[in-house]
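1. From the sequence below, what's the structure:
(one chain, ligands or ions: 1)
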Amino acid sequence: MNAEQGGGGSVPVVLLLHGPNLNLLGEREPEVYGRATLGDHVAAATAAAGAAGLALEHLQSNAEADLVAAIHGARGRCAAVVINPGALTHYAWSLHDALATFDGVKIELHLSNPNRREAWRHTSVVAPVVDASLVGLGADGYPMALDAVRRLLARRSTTP
Ligand code: DQA
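-> Residues are numbered from 1 along each chain as shown. Have a look, this model is predicted:
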């Protein structure tokens, strides 16, 4: 475990990733996803990270390859990845495989609860390789995800 992964004195870095169409939050199906913009959520996550003693980096991309590359770049550098892959959740095995190469804490986050929506949303191909999935909590999911990262990192540092 290196310093960024929580073993040393520096601030652990959390990479927050958003997939396709989430740049349109606030305008896109507000009855499902709410009125808050992506910027609002990132600001809330940044504040929650600071309160938890963590630093936050963020990337949104509509391209699967960019998300894979960002996960690769987090290897050995970031303590955690929090990811809302958007619709890629349901079929992007490259994200499953990329996340499987990342040793830090991994949390899947969704604004809505995909399990109570259309049947095609009921499968998450990333769920088997993350520590936890938070769904259906809307904007509250961001501070909850950062708190979960803090708790899971603390658990790792105290578990022999
Ligand atoms: C989503 C759920 C996905 O099914 C959908 O394709 C999205 C958003 C969510 O945050 O609820 O783009 O990931």
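2. Which elements pack onto the longest helix belonging to the chain?
-> When the chain is parsed with DSSP state H, its longest helix is helix 141-158. Packing partners of helix 141-158 (3 or more Cβ pairs under 8 Å, 6 or more residues apart in numbering; DSSP states H and E): helix 38-51, strand 80-84, strand 105-110, strand 132-135. Just so you know, the C-beta spots here come from the backbone N, C-alpha and C atoms, and that holds for glycine as well.
3. Other residues contacting it?
-> For helix 141-158, the surrounding residues in contact (Cβ atoms under 8 Å, 6 or more residues apart in numbering) are 6-7, 12, 14, 41, 44-45, 47-49, 51-54, 56, 79-80, 82, 105, 107, 109-111, 131-132, 134-135, 137.
4. now stretch 97-104
-> Stretch 97-104 has contacts (Cβ under 8 Å, 6+ apart) with 5, 67-68, 71-72, 74-76, 78-81, 83, 106, 126, 129-130.
5. so what's Leu54 up against?
-> Going by Cβ under 8 Å, 6+ apart, Leu54 touches Val11, Pro12, Val13, Val14, Ala79, Ala80, Leu146, Val149, Arg150.
6. let's see it at 7 Å
-> Applying Cβ atoms under 7 Å, 6 or more residues apart in numbering to Leu54 gives the contacts Val11, Pro12, Val14, Leu146, Val149, Arg150.
7. That's all I had, so thanks and see you.
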